[in-house]
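[1] sequence-free structure coming up:
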């Protein structure tokens, strides 16, 4: 029996006609991935939620401007989320000093490896807070979302060459901040 | 291999990391060969892979915020997202009415209304500038959308 499935693209077409039910279903599809990107780019839960809400409002008001020939709904929404975060960059603040992250306890169950990995991820999170917003966006999209260099460039409205520079500077800064507590350097 | 390409491989490692599958297709094969024959680039690769591992762990780590949608409810999030247009429209209508009233107060002494004069258009005309001001996208938004 043929079952009709609402894909993000078909939902988007209905949203463009003002279909509130389709929009709610689309929000269900976009919310999780959008919050993940926004949280990592903004580096702050409150900022991420605000940016995500702004992005969802844009989807509702600008749905008619989505062109499926130019890409997926997810990719289009990711660009809107990143730009909403960049628009708010002047009000962004550091989540926590890098040093403070070491004292944050893991909220995962006890296995040592899992706790260590979680602690390490928090160190990376804290180091990320020291990058500027565009660098964070580039790292989030390239390493967090697996986007290609061209996709990152499109999301940041720049060239792949410029993204290479952004990523290189971000990675150098992250390496420097994280090197101090790598086992092989800490024991020296 | 020429010095410029050696430098280019160093740039690739710095930007893309130590996972060659993510390097530019057109440069990968030659870059891998150059990297394998240069102790300096081999060391750069090792450092890049250490950071790659950190970033991979960071990307896999659960976010504390991911339960937010369940907590607030998708329907509530969607309702809030749909709300501004309606609220702004109401606000614009109210602003238009207020502007019309102010206009009437100032214009009345100068031009006494004749009994046959039709009422001045108020709400829709006055609301348009306010509406446009709220919804005019910035340059950034235009480029994104």
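    Good, I have the coordinates. Please read these numbers as outputs of a predicted model, since none were measured by experiment.
[2] contacts and neighbour counts: CA atoms only from here.
    Noted.
[3] center of chain A, which residue is that?
    residue A:37 (1.8 Å; CA atoms, centre = their mean).
[4] Give me the residues contacting the strand or helix carrying it.
    Using DSSP states H and E, residue A:37 sits in helix A:20-42. Helix A:20-42 has contacts (CA atoms under 8 Å, 6 or more residues apart in numbering or on different chains) with A:8, A:11-12, A:14-15, A:45, A:47-49, A:51-52, A:56, A:60, A:74, A:77-78, A:81-82, A:85, A:89, A:92, A:125, A:133, A:136-137, A:140-141, A:145, B:63, B:65-66, B:69, B:74-75, B:77-79.
[5] ok, and the closest non-adjacent residue to residue A:78?
    Spatial nearest neighbour of residue A:78, excluding adjacent residues (CA to CA, 6 or more residues apart in numbering or on different chains): residue A:34 at 6.6 Å.
[6] quick one: the one you found and chain B, what's the gap?
    The gap separating residue A:34 from chain B is 10 Å, by CA to the nearest CA, to the nearest Å.
[7] burial count for that residue?
    Neighbour count of residue A:34, defined by other CA atoms under 10 Å in any protein chain shown: 25.
[8] rewinding a little: test for you: state the pLDDT assigned to the residue nearest to the centre of chain A.
    With respect to pLDDT, residue A:37 scores 92.
[9] again, but for residue A:87
    Residue A:87 carries a pLDDT score of 86 in this model.
[10] give me phi/psi at residue A:71?
    Taking degrees, to the nearest 10, you get phi 150, psi -180 for the backbone angles of residue A:71.
[11] What is the neighbour count of residue B:47?
    Residue B:47 has 17 neighbouring residues, counting by other CA under 10 Å.
[12] quick one, what contacts it?
    Residue B:47 sits next to residue B:18 when contact means CA under 8 Å, 6+ apart.
[13] Tell me how far it lies from residue B:17.
    To residue B:17, residue B:47 is 9 Å away according to CA to CA, to the nearest Å.
[14] remind me which residues of chain B are low pLDDT?
    Within chain B, the set of residues satisfying pLDDT under 70 comprises B:1-2, B:64-72, B:84-145.
[15] Would you mind giving the domain segments of it?
    Domain segmentation of chain B under automatic domain parsing yields B:3-60, B:68-139.
[16] so residue B:10 makes contact with residue B:40?
    No. Residue B:10 is not in contact with residue B:40 according to CA atoms under 8 Å; the separation is 9.0 Å.
[17] Over to residue A:139. Which of the three states is it?
    helix (DSSP: H, G, I helix; E, B strand; the rest coil).
[18] didn't it look like it was pressed against residue A:170?
    Yes. If you go by CA under 8 Å, residue A:139 and residue A:170 touch, sitting 7.5 Å apart.
[19] Of those two, which one has the most company?
    The neighbour count for residue A:139 versus residue A:170, taken as other CA under 10 Å, is higher for residue A:139 (27 against 23).
[20] who touches that one in this structure?
    With contact taken as CA under 8 Å, 6+ apart, residue A:139 is in contact with A:167, A:170.
[21] Angles on the backbone of residue A:43, please.
    Here is the backbone geometry of residue A:43 (degrees, to the nearest 10): phi 70, psi 20.
[22] State the distance from the residue nearest to it when sequence neighbours are not counted to chain B.
    Among residues not flanking residue A:43 along the chain, residue A:129 sits closest, at 6.0 Å (CA to CA, 6+ apart). Separation of residue A:129 from chain B (CA to the nearest CA) stands at 13 Å.
[23] and residue A:129, how many neighbours?
    By other CA under 10 Å, neighbour count at residue A:129 equals 23.
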